[in-house]
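Chemist: structural data only, the sequence is not supplied:
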């Protein structure tokens, strides 16, 4: 009976990860839209980053509304996980269809409203899908399922950039370099219809609601919860804010960097391969982390740690070759992948140690990207930030909720709100890029746009510090926290 039950849950889980794929797909689409809108609407770099702001602020607003409503009404218990998830998908469909009037009216604020609406739907989906993935089977393998779902999410981000690039600019010799907002309509109509199809599919799928925990809810409601009592949580909230902000800002500002004369004047129609490589780097890291899900011998596990990233890199190269992109410059990138694999071996399954090492590694990559004299190499140091960010989410989450017991649910909702960092930090970096408009001379012999990568450098510094310091906090609280990041059995 139990094995049959687990089997059914895996069938349901496969239905659920379609939603994770969509989040990734749309997330990378934003990075194609930023340089397009910048050119069509003649925006400054900081104005173009409002694309990221609209999308990620929606997560914060959606989580906040959900939290306030849940004080009066437990939405998930009342309507069920499936219906709530479907409602989130339909809201994202409405946002996708709003791209049509936005393109017709040629209105940048209307486009931002459309993106905000898509993001609002995503915030509902995130609140439902993350705990649902964890509860679809044994609690011991919950983090593994979330890591696996993250890998599917990264696959969506990797191919999303390439497919939207083809839809907007064509491919190969038939490439279209002149941009029209009309070209944006069709991809988003298709996306909106896909959201509706998945919403209907979800509604009729066999996904079951997790067992109701009414007694637990009553107990928790009478317990006072103060964030300031848990330094691991409030420092972790800042960690999630900085982590998402760093992940988004590296890629959101990359088109502006590559567009500078220093980095080769790369135009909008040639940007998709770089976006795919960056998000693909997160996919490489998460697939590598997902190896721990399988109960294999040490020898097989070690072999997979090399084979799986090689396959993931092959997917990135293959997708780009399919889109007729020249990726010969990417063949040097396995050097960074090997560096990443080496650091992941040292970190092992210890959440704090892994986070600290990856924070330091990312910081060193940003320093190298700023100091390296050859821009054709320097850009890969910045892109490799994706590798070192890839498995930080489960490590930060794991450390931030350690020792919270019955308050874990509330803590999780506060952590999801901190996705807002993806909207704020790119604006900070974008405003540094814009100094080039008023002071074209640059600083330290490089452009301000190049220097703006000091922002993710500082982000990695904090993340490394949190990985170092949080285990000390937990130790003081008498919590011996070693396993993490989806490891362990």
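Modeler: Received the coordinates, thanks. All values reported here derive from a predicted model rather than from experimental measurement.

Chemist: tell me, how many residues neighbour residue 75?
Modeler: The number of residues packed near residue 75 is 18, by other CB atoms under 10 Å. Bear in mind the C-beta positions are built from the backbone N, C-alpha and C, glycine included.

Chemist: actually residue 344, not the one I typed
Modeler: Residue 344: 24 neighbours (other CB under 10 Å).

Chemist: spatially nearest residue to it (excluding sequence neighbours)?
Modeler: Leaving aside its chain neighbours, residue 344 sits nearest to residue 288 (6.2 Å; criterion: CB to CB, 6 or more residues apart in numbering).

Chemist: other SSEs contacting whichever helix or strand residue 380 is part of?
Modeler: According to DSSP states H and E, residue 380 maps onto helix 375-383. When contacts are defined as 3 or more CB pairs under 8 Å, 6 or more residues apart in numbering; DSSP states H and E, helix 375-383 sits against helix 254-259, helix 272-290, helix 351-371.

Chemist: please compute how far whichever strand or helix holds residue 472 lies from its chain's middle.
Modeler: If you go by DSSP H and E, residue 472 is part of helix 454-476. Between the mean C-alpha location of helix 454-476 and the chain-wide mean there is a distance of 19 Å, by CA atoms, centre = their mean, to the nearest Å.

Chemist: residues of it that come out buried?
Modeler: 455-457, 459-471, 473-474 (16 or more other CB atoms under 10 Å).

Chemist: equivalent analysis for stretch 14-28, please.
Modeler: 15-28.

Chemist: residues in contact with that stretch?
Modeler: Stretch 14-28 has contacts (CB atoms under 8 Å, 6 or more residues apart in numbering) with 55, 85, 89, 92, 118, 122, 125-126, 129, 132-133, 136, 148-150, 152-161, 163-164, 191, 194-195, 198, 201-202, 205-207, 275-276, 279.

Chemist: which of the residues you listed count as buried?
Modeler: By 16+ other CB under 10 Å, the contacts of stretch 14-28 give 55, 85, 89, 92, 118, 122, 125-126, 129, 132-133, 136, 148-150, 152-161, 163-164, 191, 194-195, 198, 202, 205, 207, 275-276, 279 as buried.

Chemist: which secondary element of the chain has the worst mean pLDDT?
Modeler: Sorting the helices and strands of the chain by mean pLDDT, DSSP states H and E puts helix 214-221 at the bottom, at a mean of 43.

Chemist: hey, which helix is longest across this structure?
Modeler: Counting by DSSP state H, the longest helix found in the chain is helix 2-40.

Chemist: what's downstream of that helix, the next helix or strand?
Modeler: helix 45-48.

Chemist: report all helices and strands that that next one contacts.
Modeler: Against helix 45-48 (3+ CB pairs under 8 Å, 6+ apart) you get helix 2-40, helix 421-433.

Chemist: of those helices, which shows the lowest average pLDDT?
Modeler: Among the helices and strands packed on helix 45-48, helix 2-40 has the lowest mean pLDDT, at a mean of 72.

Chemist: and that helix, how far out from the chain's middle?
Modeler: 11 Å.

Chemist: pull out the buried positions in the strand or helix carrying residue 102.
Modeler: Taking DSSP H and E as the criterion, residue 102 maps to helix 99-105. Of the residues in helix 99-105, those buried by neighbour count under the rule 16+ other CB under 10 Å are 99, 100, 102, 103.

Chemist: now do the helix or strand following it: distance to the chain's middle.
Modeler: The element immediately downstream of helix 99-105 (helix or strand, assigned by DSSP H and E) is helix 108-135. Distance of helix 108-135 from the chain centroid (CA atoms, centre = their mean) equals 13 Å.

Chemist: what does stretch 252-260 contact?
Modeler: Under CB under 8 Å, 6+ apart, the answer for stretch 252-260 is 30-31, 34-35, 38, 45, 48-49, 51-52, 263-268, 271, 274-275, 278, 379, 382-383, 426, 429-430, 433, 436, 447, 449-450, 452-453.

Chemist: filter these down to the buried ones and hand me the PyMOL line.
Modeler: Listed next is the PyMOL selection for buried residues among those, using 16+ other CB under 10 Å:
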select buried, resi 30+31+34+35+38+45+48+49+51+52+263+266+268+271+274+275+278+379+382+383+426+429+430+433+436+447+449+450+452+453
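
Chemist: what does residue 402 show for phi and psi?
Modeler: Backbone torsions of residue 402, given as degrees, to the nearest 10, read phi -60, psi 130.

Chemist: correct me, but it touches residue 230?
Modeler: No - using CB atoms under 8 Å, residue 402 is not in contact with residue 230, being 9.3 Å away.

Chemist: so for the two, which residue has more residues nearby?
Modeler: The neighbour comparison of residue 402 against residue 230 (other CB under 10 Å) goes to residue 402, with 25 against 21.

Chemist: and the pLDDT at that one?
Modeler: pLDDT recorded at residue 402 is 82.

Chemist: next: residue 452.
Modeler: 95.

Chemist: what about the closest residue to it other than its chain neighbours, distance to residue 249?
Modeler: Using CB to CB, 6+ apart and skipping residues adjacent in sequence, the residue nearest residue 452 is residue 432, 3.9 Å away. Remark: distance between residue 432 and residue 249 (CB to CB, to the nearest Å) = 10 Å.

Chemist: okay, the two: which has more neighbours?
Modeler: Each of residue 432 and residue 249 has its neighbours counted (other CB under 10 Å); residue 249 has more, 27 against 20.

Chemist: for the more buried one, give me its contacts.
Modeler: Contacts of residue 249 (CB under 8 Å, 6+ apart): 52, 425, 426, 428, 429, 455, 456, 459.

Chemist: now it: closest residue in space, sequence neighbours ignored.
Modeler: Nearest to residue 249 is residue 426, by CB to CB, 6+ apart, at 4.3 Å.
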